[in-house]
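Asks: sequence and computational prediction follow.
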Amino acid sequence: MIMKKPLFLALIISFFFFFIISNVDSQSPASDSCSSDPLTLQTPLPFNTSALHCVSVWAPQGFILRYAQAESNLWNFVLSAPNTNAYIAIGFSPDGNMVGSRAVVGWVAGDGIPNIKKYHLGGQSPNQVIIEPSEKVELRLGNLSSVVTQSNRIYMAFQVISDTTPTPRLLYAVGPAGRLPSGTNLQLSEHDNRISTTINYATGVFENNKHKPVTSLRKAHGILNMFGWAILLSIGAMVARYMRKWDPLWFYCHASIQTLGFLLGLIGIICGLVLEKRLTGASVGKHKGLGITVLVLGCLQVMAVLARPDKEAKLRKYWNWYHFGVGRLLIFLAAINVFYGIHLGKAGSGWNAGFAAFLIIVFILTVIFELKICFKK
């Protein structure tokens, strides 16, 4: 019995070390790190990978980016990530946002055939993410590209042709496991996770774009204009039309609501002008023109209030017609521009539905109050 105890302990320790070693062996091939550079794979990549900069750009998802400037107008990139039977993607964005960027997407199909495609991210819904030719000017891809899998990781290698340094605002995404691009258009499923970063190509230093000033400014622009020009001015107009029996309370409520609406709308338009300068390649000419028209009409209303004639004056009737007509035109154009802005900003159907619901409620109340006025006459 005395001899059996050391033997038993030896067996336990041997089993423990065997478990640890086998566990490490089973995990280490699936890992990749910049310390293992230069990158060497069983299946060679189409270009030299010995001098690539290496950055762990998305540690929680295991994304590693390697890159280098191969020629004066040619950049080599290799993106690696765990192979979860999903696509991996890197987006080149002009402003750090997904919409408007170009993405290089790689995956290995169920039959083992590797795929790499370039997509234009025209919106947030899958049908707005479409394949575009690799030679498209916004992001021109080189002739050498490949997708390789090894040790439970996927490696996507591609080239970018650019006379200048590629945009430093890079997006990374991973698709849902088991849902690879399909159909004749190779449509992408919505990503399972994504991140927005900014990288310094010279130093390899990068940062996560946790705060998105452009996105915040876009939301502020939309919300301020919606509440200012479309919602508050509509409520103020209804107060002036249907609350006159509570004189002079209706006037003070009307003036206060319209003043607040004008100020919010003015700030919203200023946000829009600042936003236009920060966005690259944004086509907002019609939206901007409608917004300026609404602002001019608002300023005319303010000047009309300052020049309002007395109730007994002969011009008061014509002034009322003018004030009523310009005000309704302002609200009408503002509502149209809000819908147009939601469309341009790809804000989604929820914003359209919410604003449409408000307009329907206003319309129903207007019909009810107008019928009451008609019956009283």
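Replies: That came through, no problem. Numbers count the residues shown, from 1 in each chain.
Asks: just the strands in the stretch 101-250 of the chain please.
Replies: Taking DSSP state E, counting those that start in this stretch as the test, the strands found in the stretch 101-250 of the chain are 102-108, 114-121, 129-131, 140-141, 146-150, 153-161, 169-174, 193-199, 206-208.
Asks: residue 209 touches residue 194, doesn't it?
Replies: No. Residue 209 is beyond contact range of residue 194, at 11.1 Å (criterion: Cβ atoms under 8 Å). Using the backbone N, CA and C atoms, a C-beta is placed for each residue, glycine as well.
Asks: tell me which of these two has more neighbours.
Replies: Shown here are residue 209 and residue 194; by other Cβ atoms under 10 Å, residue 209 has more neighbours (19 against 16).
Asks: contact partners for the more buried one?
Replies: 96, 169, 196, 197, 198 (Cβ atoms under 8 Å, 6 or more residues apart in numbering).
Asks: and the residues you listed, which of them are buried?
Replies: Buried subset of the contacts of residue 209 (neighbour count, 16 or more other Cβ atoms under 10 Å): 96, 169, 196, 197.
Asks: turn those residues into a markdown table, including distance to residue 61 and pLDDT.
Replies: Formatted as a markdown table, the buried ones among the contacts of residue 209 follow (distance: Cβ to Cβ, whole Å; pLDDT from 0 to 100):
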| residue | distance to residue 61 | pLDDT |
| --- | --- | --- |
| 96 | 18 | 83 |
| 169 | 18 | 93 |
| 196 | 13 | 90 |
| 197 | 12 | 93 |
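Asks: tell me the one among those nearest to residue 219.
Replies: Nearest to residue 219 among the buried ones among the contacts of residue 209: residue 96, at 14.5 Å, using Cβ to Cβ.
Asks: look up how far residue 351 lies from that closest one.
Replies: Using Cβ to Cβ, to the nearest Å, residue 96 is found at 21 Å from residue 351.
Asks: got it, and residue 229?
Replies: Residue 229 is 15 Å from residue 351, by Cβ to Cβ.
Asks: do residue 277 as well
Replies: Distance from residue 277 to residue 351, by Cβ to Cβ: 24 Å.
Asks: relative to residue 43, which of the strands of the stretch 101-250 of the chain is closest?
Replies: That would be, of the strands of the stretch 101-250 of the chain and by Cβ to Cβ, strand 146-150, which comes in at 4.7 Å.
Asks: direction included, what does the closest one pair up with?
Replies: When pairing is defined by DSSP bridges, strand 146-150 lines up against strand 153-161 (antiparallel).
Asks: keeping just the C-alphas, turn the strand it pairs with into CSV.
Replies: Taking C-alpha atoms only, strand 153-161 is exported to CSV below (Å, rounded to 0.1, in the frame of the first residue of the first chain):
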residue,chain,number,x,y,z
ARG,A,153,-8.2,31.1,-38.3
ILE,A,154,-9.1,32.9,-41.5
TYR,A,155,-6.6,35.1,-43.3
MET,A,156,-7.8,37.7,-45.9
ALA,A,157,-5.1,39.2,-48.1
PHE,A,158,-5.8,42.1,-50.5
GLN,A,159,-4.2,45.2,-52.1
VAL,A,160,-5.4,48.7,-52.2
ILE,A,161,-4.3,51.1,-55.0
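Asks: tell me the angle it makes with strand 102-108.
Replies: If you take axes from the mean of the first three to the mean of the last three Cα atoms, to 10 degrees, strand 153-161 sits at 150 degrees to strand 102-108.
Asks: pull out the buried positions in strand 153-161.
Replies: Of all the residues in strand 153-161, those buried under the rule 16+ other Cβ under 10 Å are 153, 154, 155, 156, 157, 158, 159, 160, 161.
Asks: pLDDT weak spots in the stretch 51-200 of the chain?
Replies: For the stretch 51-200 of the chain, no stretch has pLDDT under 70.
Asks: burial measure for residue 326, as a count.
Replies: 15.
Asks: element containing it, please.
Replies: With elements taken from DSSP states H and E, the one containing residue 326 is helix 316-344.
Asks: what does residue 308 give?
Replies: Per DSSP H and E, there is no helix or strand for residue 308.
Asks: what's it in contact with, if anything?
Replies: Residue 308 neighbours (Cβ under 8 Å, 6+ apart): 319, 323.
Asks: look up phi and psi at it.
Replies: Here is the backbone geometry of residue 308 (degrees, to the nearest 10): phi -70, psi 130.
Asks: same question, the one 5 residues further on
Replies: Taking degrees, to the nearest 10, you get phi -70, psi 150 for the backbone angles of residue 313.
Asks: for it, give its distance to residue 270.
Replies: 36 Å.
Asks: next one: residue 176
Replies: 41 Å.
Asks: please apply the same query to residue 365.
Replies: Here residue 365 is placed at a distance of 31 Å from residue 270 (Cβ to Cβ).
Asks: could you do residue 376 as well?
Replies: 44 Å.
Asks: ok, these two, which is more surrounded?
Replies: Neighbour count, other Cβ under 10 Å: between residue 376 and residue 270, residue 270 has more, with 13 against 6.
Asks: any idea which element the more buried one lies in?
Replies: Per DSSP H and E, residue 270 falls inside helix 249-278.
Asks: counting by contacts, list what that helix packs against.
Replies: helix 213-225, helix 233-242, helix 285-306 (3 or more Cβ pairs under 8 Å, 6 or more residues apart in numbering; DSSP states H and E).
Asks: does residue 136 touch residue 118 like I think?
Replies: Yes. Proximity of residue 136 to residue 118 meets the contact threshold set by Cβ under 8 Å, at 7.3 Å.
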